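Peer 1: Pasting the sequence and the predicted coordinates here, then a few questions.
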Amino acid sequence: MGRFPLEPLLQRLLSPWGLAIAAALLLLVLCLRARRTRRPGEPPLIQGWLPYIGMALEVRKDPIGFMRTLQKQHGDTFTLFLGGKYITFILDPYQYHLVMKNHKLSFQQFSNDILRKVFSIQKLMTNDHLNNELHDCYQHLQGKSLDVLLENLMQNLGQVFEARLFKTTDWNTTHLLTFCSSVIFEATFTTIFGKFVAGDRAKLITELKDDFLKFDAKLMHLLSDIPTHLLGNAKSIQKKLIKHLTSENLAKIQGWSEVVQVRQDILEKHYAFTDFEIGAHHLGFLWASVANTIPSMVWTIYYILRHPEAMAVLRDEIDHLQESTGQKRGSGFSIHITREQLDSLVYLESAVLEALRLCSFSSIIRFIEEELTLPSETQDYLLRKGDLLAIFPPIMHYDPEIFEAPEEYRFDRFVENGKKKTIFFKRGKRLKYYLLPFGLGTSKCPGRFFAVNEIKQLLVVLLTYFDLEIIDDKPIQLDYSRFLFGIQYPDSDVLFRYKVKS
Ligand code: HEM
């Protein structure tokens, strides 16, 4: 009997390729062994076989279709493994309140983790007073403070447009996302943080905007668990932006809004004046005030431009308001519009809300601090400490039982008999929540009134002064790379043109 040829086999196994394959197999076995098994009483578990990534690729391809399939298979509550996290999704809108009132669920813990990763804010992890004080000062985004903000915003929009757009009466062709990013960034930054007093203002704001957009594009990388040294220039852009917003540099900007002044006072109580982290807090606030408004504006204009019937009704509504308040379109920028007047533009508001319904893929996420039982009409579920729980409103936004033909943009969906429509039903019962682009409960967006009014103001300006046309015929789609985090960007930019009305 011949000898078994062991030597060549060993040689192959010990070659670099052999070792790499062995290491990969070992890693696969370890990952498969580390997979979770569903315990009795826990929600159905869908984890896929890809280590860390789990089901993320399937979800991002077609979030609504995928979640609907899972809903049919497993019901309204199930746990998905996504990006290294076990997230239990709640799809039934009648269950939302159970999440909101459960004190074993924490928003703070979840959001502090994000603030640390994305903005390098460390102190909130250990300082509850700072947390609470910063949270309390969001009241300066409402009431009288909001009136002041909106008045300043309209003036700033006036300056943005007078400087750039009233120079020519010819058609200007540009990309919609580029246009909205530039206008929203400049108008919002100037309204909230003020104006640069020295140097070339236009150049400074453009540089800041460009860095901000580069930073924003890296957001999901910063949020992931990818080691910092593999993130390319994400960290250096983040540092550059933070530096612009440190106490010393903020002092070079004039006309801070009340909310920024109060935040700076609070931050100076908890940090040394020169502490770099003060700038990190301001970057977090700047990001919140701009990042979702830009794509919301893009989608709203895009849908209006693609729906001439919407454009006609909105122009009519705005003209009517301006006539009834004695405002005439002169040669310069001269729009005065109060919050009450903006509020009375129900078709305009509906056109904005309808875009938010279609494009918001935010989830309301909580960290599970202790093991708990989540009751439901059909079955109670055990949830594990350390996992995440997510209310997922997009499935409600696209529910045909609540919104007829949910895939369609219907600009007047939120108007009934000339008034705001706020009553929607599911399973024959009136829904308490039917549109949640701004979150819910303690984490609900404090800037929501500013945001919707900002979009409305910009639309009033555009529809009052300009003729607008979409040029590209190719429809744009949602790019789901920010799935779970806010308004989705379009998958490509789209050309449009505008010209001052003759
Ligand atoms: C259309 C535009 C906007 C959308 C869709 C939006 C959406 C949201 C959502 C969903 C959250 C909650 C996040 C969570 O639960 O983790 C949030 C939080 C927040 N938003 Fe907005 N937002 C918008 C505009 C604004 C604006 C203009 C401001 C400020 C002027 C702002 C300030 C904030 C702040 C400070 C938070 C954090 C609140 C906290 O930590 O409790 N947002 N936003």
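Peer 2: That came in fine, so what should we check first? Since the model is a prediction, treat every value here as computed from it, not as a measurement. Residues are numbered from 1 along each chain as shown.

Peer 1: What residues sit buried inside stretch 235-246?
Peer 2: Within stretch 235-246, the residues scored as buried using 16 or more other C-beta atoms under 10 Å are 237, 238, 241, 242, 244, 245, 246. Glycine gets a C-beta too; all of them are placed from N, C-alpha and C.

Peer 1: what mean pLDDT would you report for that stretch?
Peer 2: Stretch 235-246 comes out with an average pLDDT of 95.

Peer 1: Could you identify the pair within the buried residues of stretch 235-246 that is furthest apart?
Peer 2: Distances among these were taken as C-beta to C-beta; the most separated pair is 237 and 246, at 15.6 Å.

Peer 1: So which residues of the stretch 201-350 of the chain form strands?
Peer 2: Counting by DSSP state E, counting those that start in this stretch, the stretch 201-350 of the chain has strands at residues 253-254.

Peer 1: Contact residues of it facing the ligand?
Peer 2: With C-beta under 6 Å from any ligand atom as the criterion, the stretch 201-350 of the chain meets the ligand at residues 285, 288, 289, 292, 293, 296.

Peer 1: swap the cut-off to 5 Å and go again
Peer 2: Residues of the stretch 201-350 of the chain lying near the ligand by C-beta under 5 Å from any ligand atom: 288, 289, 292, 293, 296.

Peer 1: picking up where we left off before, so which of the buried residues of stretch 235-246 comes closest to the ligand?
Peer 2: Closest to the ligand out of these is residue 245 (14.6 Å), distances taken as C-beta to the nearest ligand atom.

Peer 1: which residues touch that closest one?
Peer 2: 193, 278, 279, 282, 283, 286 (C-beta atoms under 8 Å, 6 or more residues apart in numbering).

Peer 1: With residue 150 instead?
Peer 2: Counted by C-beta under 8 Å, 6+ apart, residue 150 has contacts 339, 342, 450, 453, 454, 457.

Peer 1: Narrow the buried residues of stretch 235-246 to those in helices?
Peer 2: Members of these lying in helices (criterion: DSSP state H): 237, 238, 241, 242, 244.

Peer 1: wait, which of the residues you listed is closest to residue 203?
Peer 2: Taking C-beta to C-beta as the measure, residue 203 sits nearest to residue 244 out of those, at 13.4 Å.

Peer 1: How about the closest one: what's its closest non-neighbour residue?
Peer 2: Excluding its sequence neighbours, the residue lying closest to residue 244 (C-beta to C-beta, 6 or more residues apart in numbering) is residue 208, at 6.2 Å.

Peer 1: again with residue 54
Peer 2: residue 81 (3.3 Å).

Peer 1: So the one you found sits against residue 47, correct?
Peer 2: Yes: between residue 81 and residue 47 there is a contact under C-beta atoms under 8 Å: 3.6 Å.

Peer 1: which ones are touching the residue in the stretch 401-502 of the chain positioned nearest to the ligand?
Peer 2: Proximity of the stretch 401-502 of the chain to the ligand (C-beta to the nearest ligand atom) peaks at residue 447, 2.0 Å away. Contact analysis of residue 447 by C-beta under 8 Å, 6+ apart lists 138, 141, 288, 289.

Peer 1: now those residues as TSV including pLDDT?
Peer 2: Shown next, in TSV, are those (pLDDT from 0 to 100):
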residue	pLDDT
138	96
141	98
288	97
289	98
